[in-house]
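>>> Next comes the sequence, and after it the predicted model I'd like to discuss.
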Protein chains: 2
Amino acid sequence: MQALKTHITLNIKTLANELGLSIGTVSKALRNSHEISEGTKKRVLAKARELNYQVNPFASSLRKQKSKTIAVVIPEVANNFFALAINGIEDVALAKGYHVLIYLTHEDVKKEITISQLLQNGRVDGILMSLSAQTKSKSHLVALREKEIPLVFFDRVADEFDVPKIITDDFDISIKATEHLLKNGCRQIAYLSISNNISIENRRRSGYEEGLRRNNIDIDETLIINCEDEATSREKIKQLLHREKKVDGVFASVEKLAVMTYELCRENNIRIPTDLKIVGFSNLYTAALLNPSLTTVTQPAFEMGKQAATVLFKMIEKRGHHFLQENTVIPSKLIIRGSSIE
Amino acid sequence: MQALKTHITLNIKTLANELGLSIGTVSKALRNSHEISEGTKKRVLAKARELNYQVNPFASSLRKQKSKTIAVVIPEVANNFFALAINGIEDVALAKGYHVLIYLTHEDVKKEITISQLLQNGRVDGILMSLSAQTKSKSHLVALREKEIPLVFFDRVADEFDVPKIITDDFDISIKATEHLLKNGCRQIAYLSISNNISIENRRRSGYEEGLRRNNIDIDETLIINCEDEATSREKIKQLLHREKKVDGVFASVEKLAVMTYELCRENNIRIPTDLKIVGFSNLYTAALLNPSLTTVTQPAFEMGKQAATVLFKMIEKRGHHFLQENTVIPSKLIIRGSSIE
DNA sequence: ATGAAAGCGCTAACAC
DNA sequence: GTGTTAGCGCTTTCAT
């Protein structure tokens, strides 16, 4: 038994009936086809507005095999970098008339895999992704590629994976940050890593090591702390701060770890910058107001999001896959504040 | 010999052909219908997994008139409150198998209206919204209601609009915050308002006024600053800090304004808390690390998001029931830190 | 327990 | 310049 229709659905058919036109004509008029006379177009548009007619997106998507939607897959949203990147993405998407679906992995590769599977069914025309700290295997990404869904990485990228990537100059800026600490007297500089599985991380870490090397400082593996596991990283950093051979500098590869170090210093009466100097990757908008103000490597988060979306739309529109080499590097800034100089 | 790439779409029909079943049977098996024998279900599921078959979401949505998608419409994402709220929302949505579209108004009511229009076409099954500071007229919301799209407000709500609302105890906590400043010696307390058009704002402001009233302090309208316009609010606050009759306390209704006050105090050599005491609504996770640490009214952002989504899904599932009275109030916490006590 | 078939609302190829 | 119609892929009623 068919459910009673309480009110007539406002579809292209009712619109056509109202106008005494065929649905084909109305459809074309709505899409501003050159086949249709100006007069008819005007009439149709006026009626559509009058009745507040909206095209059914599912019927349209089904027919056209396009969703006008992109997905943004990121580890976290309560993070200044990603929040700003979303702003950039949304900016471009809005201008293109696209919708933005958001998926959070919470740094959990299992979620990343689940989400990647969800996105294989054509729900989105393209995907912007920043990998979770846990991600090692890339089979879920391969599956996406096999479905030929345009994919762009930003910030947390898989180097060996052949898609466009939007990154910052992690290596160079990390050298700069490390040398800045060295110049300010640090000799035992620890590196706080968010993972050792992701390319971004390796690039930052390599920059740190290169910075030491250039200044003839031996690399001490025990100063490189893997803070992948949120639960244990606090304890690891605490131990680091209390080790016999005093640590006098910390380079944090992500904001969260810089803040954690601040908290631990406070709890353990370690003075910044006197006892310990700190530099951290961060888009914290209160960096200058911290006690002491935090020296940051500030990423062009908004620009990176914007650029990532721009490249993705190029791929979506050109359906050709000649963007594989397109790697965009946008420079970060080292902003020197109180935490790294006396 | 490589075969020509014949683009065979993996749809329910190919799946049915592979299995030697009808598409109807396959469809039912996939949805675990009781009409289908266990054996067939197993066979279908196995094959679906083997071929990595995924239901086409648009065909399914078109047929079922359900999108399995909700929209979140918020003023900003680079804001700790909203970012945490999204976490809560995403949490619930994921568990329900729903997708989350995100729309940012950037506090611009024009964008809010455009977005509301976009969402009238059935693209989403429900909407979670936090109003822009500019929003006065509600006709765009009326349109949404006329289309019978489930709608839930959170945080920035329109009081007079008959939909479920998830808020915090703005009035009570604002009294508490104001009285806290009074107890600590403030007599000229300014209130920084993000708008005078939105209910949330009125509730916070009323709490501030009630706090003064209870302590027999006259309300001075010149101490209530409307910071709706981002461009001019910095200047307004600056003037406030320099007025003849010295301001000795500031209650900021949103995080951004508290931070702005910090910045201005620094620039103008005003000492916190000696010269000026500050309390602000904020979910800043570095509040304790600021110089001085910031006394905050901390909202249960994650919980509010979660609750908002939960109520929305109730509405979506029960189609046309009466949640109109359902107002949920989740208490905030006043966390006293260095900016408000000597 | 399975199959056939009618449409969900739209677009585009083709007919006039 | 306008109309007709065949699907897009799926769900669901009804028939078997």
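Done, it's in. Because the structure is predicted, anything quoted here is derived from the model rather than measured. Numbering: from 1, shown residues only, chains lettered A, B, ... in the order given.
>>> So the residue of the stretch 1-150 of chain A found nearest DNA strand D, which state does it fall into?
Closest approach of the stretch 1-150 of chain A to DNA strand D (C-beta to the nearest atom of the strand) occurs at A:Gly24, with a separation of 2.4 Å. (Each C-beta comes from the backbone N, C-alpha and C, glycine too.) In three-state terms, and counting by DSSP: H, G, I helix; E, B strand; the rest coil, A:Gly24 is helix.
>>> give me the number of residues near it?
A:Gly24: 13 surrounding residues under other C-beta atoms under 10 Å in any protein chain shown.
>>> which residue sits closest to A:Leu10 in space, ignoring its chain neighbours?
Computed as C-beta to C-beta, 6 or more residues apart in numbering or on different chains, the closest residue to A:Leu10 that is not its neighbour in sequence is A:Tyr53, at 5.6 Å.
>>> That neighbour should be in a helix, yeah?
No. With three-state DSSP as the criterion, A:Tyr53 is assigned coil and is not in a helix.
>>> who touches it in this structure?
A:Tyr53 makes contacts with A:Leu10, A:Ile12, A:Leu15, A:Lys47, as judged by C-beta atoms under 8 Å, 6 or more residues apart in numbering or on different chains.
>>> do you know how far it is from A:Ile36?
If you measure A:Tyr53 against A:Ile36 using C-beta to C-beta, to the nearest Å, the figure is 16 Å.
>>> One more: A:Leu240?
With C-beta to C-beta as the criterion, A:Leu240 and A:Ile36 are 71 Å apart.
>>> What ranges does chain A have for its strands?
A:69-74, A:99-104, A:126-129, A:151-154, A:165-168, A:189-193, A:224-226, A:249-252, A:277-281, A:295-298, A:327-330, A:333-335 (DSSP state E).
>>> Could you list every helix and strand that the third one packs against?
If you count contacts as 3 or more C-beta pairs under 8 Å, 6 or more residues apart in numbering or on different chains; DSSP states H and E, strand A:126-129 packs onto strand A:69-74, strand A:151-154, helix A:301-318.
>>> bridging residues for the closest residue to DNA strand C within the stretch 151-300 of chain A?
Nearest residue of the stretch 151-300 of chain A to DNA strand C: A:Leu151, at 24.4 Å (C-beta to the nearest atom of the strand). Counting by DSSP bridges, A:Leu151 is bridged to A:Ile127.
>>> Could you report the neighbour count for it?
23.
>>> As a check, name the ranges of all helices in chain A.
Remark: helices assigned in chain A by DSSP state H are A:12-19, A:23-30, A:38-51, A:57-64, A:80-95, A:109-118, A:139-146, A:170-183, A:199-214, A:230-241, A:255-267, A:301-318.
>>> Which other helices and strands does the last one contact?
If contacts are counted by 3+ C-beta pairs under 8 Å, 6+ apart, helix A:301-318 sits against strand A:69-74, helix A:80-95, strand A:126-129, strand A:151-154, strand A:165-168, strand A:327-330.
>>> tell me, what residue is most central in chain A?
A:Ser130 (4.7 Å; C-alpha atoms, centre = their mean).
>>> Would you agree that residue is in contact with A:Ala158?
No. Judged on C-beta atoms under 8 Å, A:Ser130 makes no contact with A:Ala158 at a distance of 10.6 Å.
>>> follow-up on the earlier one: out of the strands of chain A, nearest to B:Tyr285?
Minimum separation from B:Tyr285 across the strands of chain A (C-beta to C-beta) falls at strand A:277-281, 14.0 Å.
>>> any residues touching the closest one, and which ones?
Identification of contacts with strand A:277-281 by C-beta under 8 Å, 6+ apart yields A:177, A:180-181, A:184-186, A:204, A:248-255, A:257-259, A:261-262, A:272, A:294-297, A:299, A:332, A:334, A:339-341.
>>> Partner strands of that strand and their direction?
Here strand A:277-281 is paired, per DSSP bridges, with strand A:249-252 (parallel), strand A:295-298 (parallel).
>>> Mind listing what's buried along stretch A:210-222?
Buried residues in stretch A:210-222, defined by neighbour count with 16 or more other C-beta atoms under 10 Å in any protein chain shown: A:Glu210, A:Gly211, A:Leu212, A:Ile217.
>>> now it: mean pLDDT?
Across stretch A:210-222, pLDDT averages out at 97.
>>> can you check stretch A:65-84 too?
Averaged over stretch A:65-84, pLDDT sits at 96.
>>> and if you look at stretch A:87-102?
On average, stretch A:87-102 scores 97.
>>> how about the CA coordinates for the lowest-mean-pLDDT helix or strand in chain A, as CSV?
Ranked by mean pLDDT, DSSP states H and E, the helix or strand of chain A with the weakest confidence is helix A:139-146, at a mean of 89. Taking C-alpha atoms only, helix A:139-146 is exported to CSV below (Å, rounded to 0.1, in the frame of the first residue of the first chain):
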residue,chain,number,x,y,z
SER,A,139,46.2,-0.2,1.2
HIS,A,140,43.1,1.8,2.1
LEU,A,141,44.5,4.6,0.0
VAL,A,142,45.3,2.3,-2.8
ALA,A,143,41.6,1.3,-2.9
LEU,A,144,40.6,4.9,-3.2
ARG,A,145,43.0,5.3,-6.1
GLU,A,146,41.6,2.3,-7.8
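>>> Pull out the buried residues from that helix.
Neighbour-count burial for helix A:139-146 flags A:His140, A:Leu141, A:Ala143, A:Leu144 (criterion: 16+ other C-beta under 10 Å).
>>> Please identify which of these is nearest to DNA strand C.
Nearest to DNA strand C out of the buried residues of helix A:139-146 is A:Leu144 (C-beta to the nearest atom of the strand; 25.1 Å).
>>> That's all I had, so thanks and see you.
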